[in-house]
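Student: sequence-free structure coming up:
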Ligand code: FPP
């Protein structure tokens, strides 16, 4: 059984060049305000947001980013007005129907994270099919957080581990950071290196609470549908100039000490 209580339990920490994030996580905020600025319904903003999703995927493929995690729909978003939730679900379903074959052709592996129970059967079916079809792809991991909440993710991980302990299959001492990581929905993927939130708010909003521990945070007032490659390049350039210390000192990092 593995035991590594230190931060080195988290794999592949990147403190030196090359400084392209391996894993980019994004809160795509501002669709509603983008529509409001144009006196259009919020759903028009979400449709424009879907176009920005395609642009962002192209960007990641061009830049060699290995994993992109997009916050598409939070567990709290179920409480939005019924017609907006319905429009978002239709948009997701149409996007799945339209884009999956092309994403597969480009080597994208799809993973959906979040609680699926509340999604309609047709959508859950499409999610399963898309994950199955693309399971051997390796160009880009595209994780879509839908019905996702960071706290629920941690709760389900704790329940899994507690059940193993109760069954006598895991000892309490074997509960390590790595073990918890493996029970979370992004198991097997490195933590995000860079987090972007558009739309001006500077908070995490229950997104990847565990995995963002050492992630570089980058905020912009630009609304999600207005995002373009220049803005994403700017975020990457900012990221590349940062020193990531993971709790070490600058001197240790310069000497090549690994976290
Ligand atoms: C937040 O903006 C955005 C959402 C709740 C939905 C995100 C959905 C998309 C980007 C479209 C499609 C996505 C996929 C994966 C196909 P908001 O509505 O909270 O905007 P506001 O803060 O301006 O009101």
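Tutor: Nice, I can see it. This is a predicted model, so every value here is computed, not measured. Numbers count the residues shown, from 1 in each chain.
Student: Just want the residue of the chain that's nearest the ligand.
Tutor: Closest approach of the chain to the ligand (CB to the nearest ligand atom) occurs at residue 32, with a separation of 2.6 Å. All C-beta spots, glycine's among them, are computed from the backbone N, C-alpha and C.
Student: can you count the residues close to that residue?
Tutor: Residues near residue 32, counting by other CB atoms under 10 Å, number 20.
Student: List the contacts of it.
Tutor: 42, 45 (CB atoms under 8 Å, 6 or more residues apart in numbering).
Student: residues from the stretch 101-250 of the chain in reach of the ligand?
Tutor: 144, 199, 224 (CB under 6 Å from any ligand atom).
Student: most surrounded residue in these?
Tutor: The most crowded member of those is residue 224, carrying 27 neighbours; neighbours defined as other CB under 10 Å.
Student: is it true that that residue touches residue 33?
Tutor: No - look at residue 224 against residue 33 with CB atoms under 8 Å: they stay out of range, at 9.4 Å.
Student: hey, what's in contact with both of the two?
Tutor: Common contact partners of residue 224 and residue 33 (CB under 8 Å, 6+ apart): residue 199.
Student: Could you list which of the residues of the stretch 101-250 of the chain next to the ligand belong to helices?
Tutor: Per DSSP state H, helices hold no members of those.
Student: Run through who's touching the longest helix along the chain.
Tutor: Of all the segments of type helix in the chain, defined by DSSP H, the longest one is helix 82-105. Identification of contacts with helix 82-105 by CB under 8 Å, 6+ apart yields 42-43, 46-47, 50, 53-54, 57, 72-73, 77-78, 80, 110, 119-120, 122-123, 126-127, 129-130, 133-134, 137, 142, 146.
Student: Okay, helices next: where are they in this protein?
Tutor: Under DSSP H, the chain gives helices at 31-37, 42-63, 82-105, 121-133, 150-166, 177-183, 229-241, 250-254.
Student: which residues does the closest residue to residue 114 other than its chain neighbours contact?
Tutor: Using CB to CB, 6 or more residues apart in numbering and skipping residues adjacent in sequence, the residue nearest residue 114 is residue 148, 3.3 Å away. Counting by CB under 8 Å, 6+ apart, residue 148 makes contact with 71, 73, 74, 75, 113, 114, 115, 185, 207.
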